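Asker: what's the 3D shape of this:
(2 chains)
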Amino acid sequence: MDTITVASVPKLRTGVRLTFDHVRGVHVLLFPEGVLVPNSTATAVLQLCDGTTPVSGIIALLEGRYQGVQETDVLAVLARFGQRRVIEWT
Amino acid sequence: MDVTAPLGLLAELTHRCPLHCSYCSNPVELVSRSAELSTADWTDALSQARELGVLQVHLSGGEPLARPDLPELVTHASGLGCYVNLVTSGLGLTEPRLNDLAERGLAHVQLSVQAATPDRANLLAGAKAFDRKLAVAELVKASGLPLTVNVVLHRQNHDQLAEIIALAESMGADRLELANTQYYGWALRNRDALMPTRTQLAAAEPVVRAAVNRLRGTMEIIYVVADYYEPFPKPCMHGWGARQLTIAPDGTVLPCTAASAITTLTLDNVRDTSLADIWYRSESFNAYRGEEWMSDPCRTCDRRTTDFGGCRCQAFQLTGDAANTDPVCSRSPNRGTVDLILAAPSTPDLIMRGPAR
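Answerer: Next up is the predicted model:
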């Protein structure tokens, strides 16, 4: 999917798991043969990718928790993880 | 040097296997069933691995399904927060067994495929396995788990490369690993029969490239080159003792799956020593870490942080000294050895792998 909008609905791809690694004290993305360490912003976004909440809903939830949430930033994070096959669009 | 925590554990649960592949990279001398770690040994080792930092657990072998305690080990590793990968021939993986493993937290299945047609595949596996693999691929897809198809390429299946890619596609594979044979363990015996020709490798290159482009976003293709033909060595294990460790069926802890081939290396066992001690402080894991051990030409080479001197096991096997530059390297004084091997006449006869005791 090339064009992502606020109406798009992201979810973690099959086989991708987001979990907290207590040994390193960071969230990690686990998938076949790979480990990624998302930063705290990316983690906050990825935790809301449940396959039912659209990007607009994710932004609203983030705005309730953090200050200065930018729609373009959230879309950029999601686009990046889409390219890396971490998330897909339902 | 700074040693960071490992990310991956290859848990070789058993050497027993229903297949008899001539390219098997397990040692010539297999661990017998009676010498295998117990269930309690494995759960303890998995717990230690997680505390050490391991996040990816590859349950492998031999055939891991040969262990009756596999479900328990999957539950345990998954419960620790590990991403659990089953590396299997598919033989013995029925629908109830797979669904049970999935419910216990299995995250990913890697299924071996030997060739694209039943006759060839069964001949290369030394077992009637092909139809079962097709059925297992369907089961895995139905379970919702991601599927990787693993294919070892060599002189006797390179001609089917395009068909193999099409087969993996039809199986619905999310990933396809096309790995030219690496010559360790049993495979080393069959090197002359398995070594692909230069012509085969040249023909493979555009086929793989086209498939990678065509299937981008659908099926990820990982192509592992035939390193003997390359001018520079592979970055083996991303450096010795850097990211991953292997536990053999008898508890021997290895910096790399093939490291038991280095007979000069003193290896520790998880039955006697903690994994943390082995990872951080053992002679074997520190032997080739970093750059201290390097001699010329690696020591001053601009590629030493790229390929880490290549493969220690290969250096040992082909030059007798594991601290030498991987002789595959065009800068190695021993490159001539590799060229002689490539110039040697081929044999069509594969020596099939016998069963573990």
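Asker: And the strands in the stretch 1-150 of chain B?
Answerer: In the stretch 1-150 of chain B, the strands defined using DSSP state E, counting those that start in this stretch lie at B:8-12, B:56-60, B:83-88, B:108-113, B:147-153.
Asker: and the closest residue to residue B:263 other than its chain neighbours, what element?
Answerer: Nearest residue to residue B:263, sequence neighbours excluded (C-beta to C-beta, 6 or more residues apart in numbering or on different chains): residue B:316, at 7.9 Å. C-beta: built from backbone N, CA, C; applies to glycine. Residue B:316 is part of helix B:312-319 when elements are defined by DSSP states H and E.
Asker: moving C-terminal of that helix, what's the next helix or strand?
Answerer: Using DSSP H and E, the helix or strand that follows helix B:312-319 in sequence is helix B:335-343.
Asker: so residue B:57 touches residue B:6, yeah?
Answerer: No - the criterion here is C-beta atoms under 8 Å, and residue B:57 misses it with residue B:6 at 11.0 Å.
Asker: got any residues that touch both of those two?
Answerer: Common contact partners of residue B:57 and residue B:6 (C-beta atoms under 8 Å, 6 or more residues apart in numbering or on different chains): residue B:49.
Asker: Which residue of these two possesses the greater neighbour count?
Answerer: Applying other C-beta atoms under 10 Å in any protein chain shown to residue B:57 and residue B:6 shows that residue B:57 carries more neighbours, namely 25 against 21.
Asker: contacting residues for the more buried one?
Answerer: Residue B:57 neighbours (C-beta under 8 Å, 6+ apart): B:8, B:9, B:11, B:46, B:49, B:77, B:82, B:83, B:84, B:85.
Asker: re earlier: right, and the residue nearest to residue B:263 touches residue B:264 too?
Answerer: Yes - applying C-beta under 8 Å, one finds residue B:316 in contact with residue B:264, separated by 7.4 Å.
Asker: what is in contact with these two at once?
Answerer: Common neighbours of residue B:316 and residue B:264 are listed as residue B:322 (criterion: C-beta under 8 Å, 6+ apart).
Asker: can you pull out the helices in the chain?
Answerer: Looking at chain A here, since you left the chain open. A:40-46, A:55-65, A:71-83 (DSSP state H).
Asker: hm, I was asking about chain B
Answerer: B:39-52, B:70-79, B:95-103, B:118-125, B:130-143, B:161-170, B:186-189, B:191-194, B:198-214, B:275-281, B:283-286, B:304-307, B:312-319, B:335-343.
Asker: if you compare these, which one is most tucked away?
Answerer: The highest mean neighbour count among the helices of chain B, using mean count of other C-beta atoms under 10 Å in any protein chain shown, belongs to helix B:312-319: a mean of 23.
Asker: just how off-centre is that one within its chain?
Answerer: 17 Å (C-alpha atoms, centre = their mean, to the nearest Å).
Asker: just the CA coordinates of that helix, formatted as PDB?
Answerer: The C-alpha trace of helix B:312-319 is given here as PDB (Å, rounded to 0.1, in the frame of the first residue of the first chain):
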ATOM      1  CA  ARG B 312      37.100 -19.700  11.800                       C
ATOM      2  CA  CYS B 313      35.900 -23.200  11.200                       C
ATOM      3  CA  GLN B 314      36.700 -22.900   7.500                       C
ATOM      4  CA  ALA B 315      40.100 -21.500   8.300                       C
ATOM      5  CA  PHE B 316      40.800 -24.500  10.500                       C
ATOM      6  CA  GLN B 317      39.400 -27.000   8.100                       C
ATOM      7  CA  LEU B 318      41.400 -25.800   5.100                       C
ATOM      8  CA  THR B 319      44.600 -24.400   6.700                       C
END
